[in-house]
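A.B. asks: Just need the structure, nothing else, for what follows:
(chains A and B)
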Protein chains: 2
Amino acid sequence: MVLDDNWYTEASDDLGLGFSLRIKSKLHEEQSAYQTIAVYETETFGRLLTIDGLVMLTDRDNFVYHEMMTHPALFAHGAAKNVVIIGGGDCGTLREVLKHDSVERATQIEIDERVTRIAEDYFPALCESNDDPRATLAFEDGVAWMNNAPDGSVDLIIIDSTDPIGPAEGLFNEAFYKQCHRVLGNGGLLVQQSESPLVHSELIGEMHGGLRAAGFADTQLLSFPQPSYPTGWWSATLAARDTRTLYAPQGDLGFQTFYYTPAIHNAAFAQPAFMARILAD
Amino acid sequence: MVLDDNWYTEASDDLGLGFSLRIKSKLHEEQSAYQTIAVYETETFGRLLTIDGLVMLTDRDNFVYHEMMTHPALFAHGAAKNVVIIGGGDCGTLREVLKHDSVERATQIEIDERVTRIAEDYFPALCESNDDPRATLAFEDGVAWMNNAPDGSVDLIIIDSTDPIGPAEGLFNEAFYKQCHRVLGNGGLLVQQSESPLVHSELIGEMHGGLRAAGFADTQLLSFPQPSYPTGWWSATLAARDTRTLYAPQGDLGFQTFYYTPAIHNAAFAQPAFMARILAD
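C.D. replies: Okay, the predicted model is just below:
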């Protein structure tokens, strides 16, 4: 069947894949200094945020992504006080980070202020912790910010970016990873969204290789479902500055989640057989 | 964007979701006694099998589904000799079952022989174990077969059906589960595909309730990615006739897999927080 204009479709000739959501209306569209940002009201997934025609998030399923970009790394670290988010302009990652009492300071470095302003207007739940006294919202280039940050000053770097094309391209290479490694303190961790295990396994292998070449002692892949991203199967890469034990949560988390649990924490590190073979190379 | 006729699209107004694969050509289409069966050559996912316009499988991602419909249940049972597959006409589940040396007999009960004949023609890899001397291919109604099967004669029942509408509707209710419970021997297990945790959580809750009402002592939900099914996030429900220990694989599986591993076995039983709350009710 051919879908009419009542559907929003993200399709990639390259991947040969398309994903569609039935929409009620387009709520907003603008060309920022960096990209085209749009918001739709969908029939069944709540609101949808797109950048340059690619799905960034929906109300219905962003909980998986935001919880998995934050809680595994924060619990694995065990005592992260200073957290930096590169990208993450919708503020959903910031909100999850601030659920951790150990965190004393969380800085979101988003290149495009318009993403955050639109999130404040159309996704207020994601922005509900923006006024937390521990939070700083900076609108700068993440690569430049990292180049200027002092040695050993950050406990956890979360790279919550768009795909490795366009504005986010500079966040997926060894030069940037070297800066991150320098900026992390003892026992520091980095977590970065790393696309789909099924169709981006080559990129994932390159990211792990780049992180290790930049000096990271260990890299792990975390997998989770993300229905509104291509293939519905997504991943994050967790890299440890030093050889160290990664902690897992025990008992009550201390806050409510919708996807993440202690059992999910451990489960997310299990590698599909094909991925274990790729990562072993 | 609106996709043209170079794309195959499965869309559901009900779910408000669409999934598309770019196609090179339609290889086959026929109306069987039960349904419309079609085969496409896609650009990036190999061949695609559809029934009544719904994706059944693709070459590229069926390995996850077939491995997760079989190996967790077979290893959890520990000594299944007589296995019955209800549905599964593409023979991919049968192939995985026969990788287990413990299995002495595997019977596939598919209502529509044309599904199997088309799989033999267009998906020969899935059918490569059809001539195994332990395999029987029967083309009958699964509900009638179960009603006529002797008490306690089967160790593992795998219900590898289409969605709970159309021909498969009778496979998702308490009356059928009661017959399955009667037909299972001591320590017997049942596993059934149970749709998407994100958008079918109500159905999953009803299935678990129905299985317990039919006498099953325990039910567990297994989750896994399945990119070509709605949301890309799928599940199977594992039900135990009796209160018993479910085994997990140790060390080498004894055969090659692409998704399933011992770590994935354990990971698949981890429940997302929202699903744990639903299943606790």
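
A.B. asks: Point me to the residue of the stretch 51-200 of chain A nearest chain B.
C.D. replies: Residue of the stretch 51-200 of chain A nearest chain B, by C-beta to the nearest C-beta: residue A:198 (5.8 Å). Glycine gets a C-beta too; all of them are placed from N, C-alpha and C.

A.B. asks: what does the stretch 101-250 of chain A give?
C.D. replies: Counting by C-beta to the nearest C-beta, the stretch 101-250 of chain A gets nearest chain B through residue A:232, at 1.5 Å.

A.B. asks: re the thing from before, which residue packs closest to the residue of the stretch 51-200 of chain A closest to chain B, ignoring adjacent ones?
C.D. replies: Once flanking residues are discounted, residue A:198 sits nearest to residue A:231: 4.9 Å by C-beta to C-beta, 6 or more residues apart in numbering or on different chains.

A.B. asks: Check residue A:193 too.
C.D. replies: Nearest non-adjacent residue to residue A:193, counting by C-beta to C-beta, 6+ apart: residue A:236, 5.6 Å away.

A.B. asks: which residues touch the one you found?
C.D. replies: A:68-69, A:72-73, A:191-194, A:221-222, A:224 (C-beta atoms under 8 Å, 6 or more residues apart in numbering or on different chains).

A.B. asks: Can you tell me who it pairs with across the strands?
C.D. replies: Taking DSSP bridges, one finds residue A:193, residue A:222 as the beta-bridge partners of residue A:236.

A.B. asks: What strands flank the strand ranked longest in chain A, and is each parallel or antiparallel?
C.D. replies: As assigned by DSSP state E, the longest strand anywhere in chain A is strand A:17-31. Partners of strand A:17-31 in the sheet, by DSSP bridges, are strand A:7-12 (antiparallel), strand A:36-42 (antiparallel), strand B:17-31 (antiparallel).

A.B. asks: residues of the last one that come out buried?
C.D. replies: Neighbour counts over strand B:17-31 (16 or more other C-beta atoms under 10 Å in any protein chain shown) mark B:17-23, B:27 as buried.

A.B. asks: In this model residue A:160 seems to touch residue A:190, though I could be wrong.
C.D. replies: No: counting by C-beta atoms under 8 Å, residue A:190 does not reach residue A:160; the two are 11.7 Å apart.

A.B. asks: residue contacts, the residue nearest to the spatial centre of chain A?
C.D. replies: Against the mean C-alpha coordinate of chain A, by C-alpha atoms, centre = their mean, the closest residue is residue A:160 at 3.1 Å. Counting by C-beta under 8 Å, 6+ apart, residue A:160 touches A:69, A:85-88, A:93, A:193.

A.B. asks: among those, which are in strands?
C.D. replies: Assigned to strands by DSSP E, the following of the contacts of residue A:160 qualify: A:85-87, A:193.

A.B. asks: Contacts for the longest helix seen in chain A, please.
C.D. replies: Across chain A, the longest stretch assigned as helix under DSSP state H is helix A:201-213. By C-beta under 8 Å, 6+ apart, the residues outside helix A:201-213 that reach it are A:164, A:172-174, A:177, A:190, A:192, A:194-195, A:197, A:219, A:221, A:235, A:237, A:239, A:274-275, A:278-279, A:281.

A.B. asks: For that helix, give the mean pLDDT please.
C.D. replies: For helix A:201-213, the mean pLDDT works out to 94.

A.B. asks: chain center to that helix: distance?
C.D. replies: Helix A:201-213 sits 17 Å away from the centroid of its parent chain (C-alpha atoms, centre = their mean, to the nearest Å).

A.B. asks: pretty sure residue A:145 contacts residue A:109?
C.D. replies: Yes: at 4.8 Å, residue A:145 counts as touching residue A:109 under the criterion of C-beta under 8 Å.

A.B. asks: Flag every residue of the stretch 151-281 of chain A that's near chain B.
C.D. replies: Taking C-beta under 8 Å from any C-beta of the partner chain as the contact definition, the stretch 151-281 of chain A meets chain B at A:197-199, A:223, A:225-227, A:231-233, A:256-261, A:263-264, A:266-274, A:276.

A.B. asks: Now, of those residues, which are buried?
C.D. replies: A:197-199, A:223, A:225-227, A:231-233, A:257-261, A:263-264, A:266-274.

A.B. asks: Which ones among these map onto helices?
C.D. replies: If you go by DSSP H, these have A:263-264, A:266-268, A:273-274 in helices.

A.B. asks: Format those as CSV; extra columns: pLDDT and distance to residue B:37.
C.D. replies: As requested, those are arranged in CSV below (pLDDT from 0 to 100; distance: C-beta to C-beta, whole Å):
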residue, pLDDT, distance to residue B:37
A:263, 97, 40
A:264, 98, 38
A:266, 97, 41
A:267, 98, 36
A:268, 98, 37
A:273, 97, 30
A:274, 97, 29
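
A.B. asks: Just the pLDDT at residue A:164, thanks.
C.D. replies: For residue A:164, the model assigns a pLDDT of 81.

A.B. asks: cool, and the one 10 residues further on?
C.D. replies: Among the per-residue scores, residue A:174 shows a pLDDT of 93.

A.B. asks: Distance of it relative to residue A:213?
C.D. replies: When distance is defined by C-beta to C-beta, to the nearest Å, residue A:174 is 5 Å away from residue A:213.

A.B. asks: Comparing the two, which residue is more hemmed in?
C.D. replies: Per other C-beta atoms under 10 Å in any protein chain shown, whichever of residue A:174 and residue A:213 has more neighbours is residue A:174, with 17 against 11.

A.B. asks: Phi first, then psi, for the closest residue to residue A:153 other than its chain neighbours.
C.D. replies: In space, and not counting its chain neighbours, residue A:153 is closest to residue A:183: 6.0 Å by C-beta to C-beta, 6+ apart. Backbone torsions of residue A:183, given as degrees, to the nearest 10, read phi -80, psi -20.

A.B. asks: give me the number of residues near residue A:165?
C.D. replies: 10.

A.B. asks: give the contact list for residue A:253.
C.D. replies: Contacts for residue A:253 (C-beta under 8 Å, 6+ apart) come out as A:71, A:260-262.
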